[in-house]
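Enquirer: Sharing a model that was predicted from the sequence below.
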Amino acid sequence: MRARSGDRPAAVIGLTGNIAVGKSTVASMLAELGAWVLDADKLAHELMRPGTDVHQRIRERFGSGVLSSPDDPQSAIDRAALGDIVFRDPEALRALEEIVHPAVVAETLRRLAACAAEVAVIEAIKLLEAEMQRYCDAIWVVTATREQQMERLMQTRGLTEDEASTRIDAQPPAADKIARADIIIDNSGSIEATRAQVVAAWQRIPGAPEIDAQSQENAGV
C-alpha cells in the first residue's frame, strides 16, 4: 500500500492500461461493487470545453484546425482532429499532455477530497505518465491482446486499421505498466473471467465494503 496524505477514501485504486484494453469495463464492475469511479478521460474532455484555460492553450498550441468550427475560436475542440495530430507526432503528444495532465490531476484531487465512498477508483490511461499513482494505494493494470485492441478501436470508434495501429503504437509498451502493477486484470478472455478477477481483487482491498446480495446480483457474482 502506498502512503497518502489528507482527507481521502479508505482506499484509492489507480486503474490504468493501454488503449482499448477494457478499462471502462473493469471500472463499471468496480462501480457495481460499490466503488466511486472517476473517468480521467471524460474529465479531460470537460476541462477542454470552450472558455477554459485548457481550451485556450490547446487552441494556441495546435491552431484553429483542431476546433469543430475553425472560424469560431470558442467552438469545441474536435478531439478526432486533435488525435490525428498527436498520435502521429510524439512531440505534439507531449505538448498536449503538458497542457492537460496538470489540470486533470488538480481536478481529480479536488473531487477525490469530496468523495464519501470507502473505495475510490481513478480510471486513467495516463495515470502513471501523469504521476497520479502517488495519490493511489494500489495500481490495477488491465491487459488485452493487440488483436483485441485493434478490433475494439475499429468497431467501437470507427477507426481504420492504420488509425487503430497508429494509436496503439503511440503508447508506451504495456509491459511498462504491468511492471508497476499491484493487480493485473487480464481482459482477454470472457466477461465472466474478467469479473471473477475483479471480485477477487476487490475482496483484497483494505476497507472495501463486503459484497452483499444486491452487489453480487449487480456484478453478476
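Expert: Nice, I can see it.
Enquirer: can you pull out the strands in the chain?
Expert: 11-16, 36-39, 119-123, 138-143, 183-186 (DSSP state E).
Enquirer: among these, which is nearest residue 207?
Expert: strand 11-16 (5.3 Å; Cβ to Cβ). The way it works is simple: take the backbone N, C-alpha and C, and place the C-beta from them, glycine included.
Enquirer: I'd like the average pLDDT over the closest one.
Expert: Here strand 11-16 scores 98 as its mean pLDDT.
Enquirer: got the angle between it and strand 138-143?
Expert: Between strand 11-16 and strand 138-143, the angle comes out at 30 degrees (axes from the mean of the first three to the mean of the last three Cα atoms, to 10 degrees).
Enquirer: strands paired with strand 11-16, and their directions?
Expert: Strand 11-16 has the following sheet partners, assigned by DSSP bridges: strand 119-123 (parallel), strand 138-143 (parallel).
Enquirer: residue contacts, the residue lying farthest from the centre of the chain?
Expert: Each residue of the chain has a distance to the centre, and by Cα atoms, centre = their mean the biggest one is for residue 71: 31.7 Å. Counting by Cβ atoms under 8 Å, 6 or more residues apart in numbering, residue 71 makes contact with residue 64.
Enquirer: where does it land on pLDDT?
Expert: For residue 71, pLDDT reads 97.
Enquirer: and what of residue 47?
Expert: 97.
Enquirer: Next up, the contacts around it.
Expert: Applying Cβ under 8 Å, 6+ apart, we find residue 47 in contact with 54, 100, 103, 104, 107.
Enquirer: coming back round to it: single out the most deeply packed of the strands paired with strand 11-16.
Expert: Among the strands paired with strand 11-16, judged by mean count of other Cβ atoms under 10 Å, the one packed with the most neighbours on average is strand 119-123 (a mean of 26).
Enquirer: and it, average pLDDT?
Expert: The model assigns strand 119-123 a mean pLDDT of 98.
Enquirer: I'd like to know which elements the lengthiest helix in the chain is packed against.
Expert: In the chain, with assignment by DSSP state H, the single longest helix is helix 90-113. Contact partners of helix 90-113 among helices and strands, from 3 or more Cβ pairs under 8 Å, 6 or more residues apart in numbering; DSSP states H and E: strand 36-39, helix 40-47, helix 53-62, helix 79-86, strand 119-123.
Enquirer: picking up where we left off before, for residue 67, find the nearest of the strands paired with strand 11-16.
Expert: It's strand 119-123; of those, that one is closest to residue 67 (Cβ to Cβ) at 27.3 Å.
Enquirer: thinking again about what came up before, now the strands paired with strand 11-16 in JSON lines, with distance to residue 20?
Expert: Putting the strands paired with strand 11-16 into JSON lines (distance: least, Cβ to Cβ, whole Å) gives the following:
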{"stretch": "strand 119-123", "distance to residue 20": "14"}
{"stretch": "strand 138-143", "distance to residue 20": "10"}
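Enquirer: right, and the ones you listed - which one's nearest residue 63?
Expert: Using Cβ to Cβ, the nearest of the strands paired with strand 11-16 to residue 63 is strand 119-123, at 30.3 Å.
Enquirer: now the angle from that closest one to helix 40-47?
Expert: Using the same axes, to 10 degrees: strand 119-123 against helix 40-47 is 70 degrees.
Enquirer: and the angle from strand 119-123 to helix 90-113?
Expert: Going by the same axes, to 10 degrees, strand 119-123 makes 160 degrees with helix 90-113.
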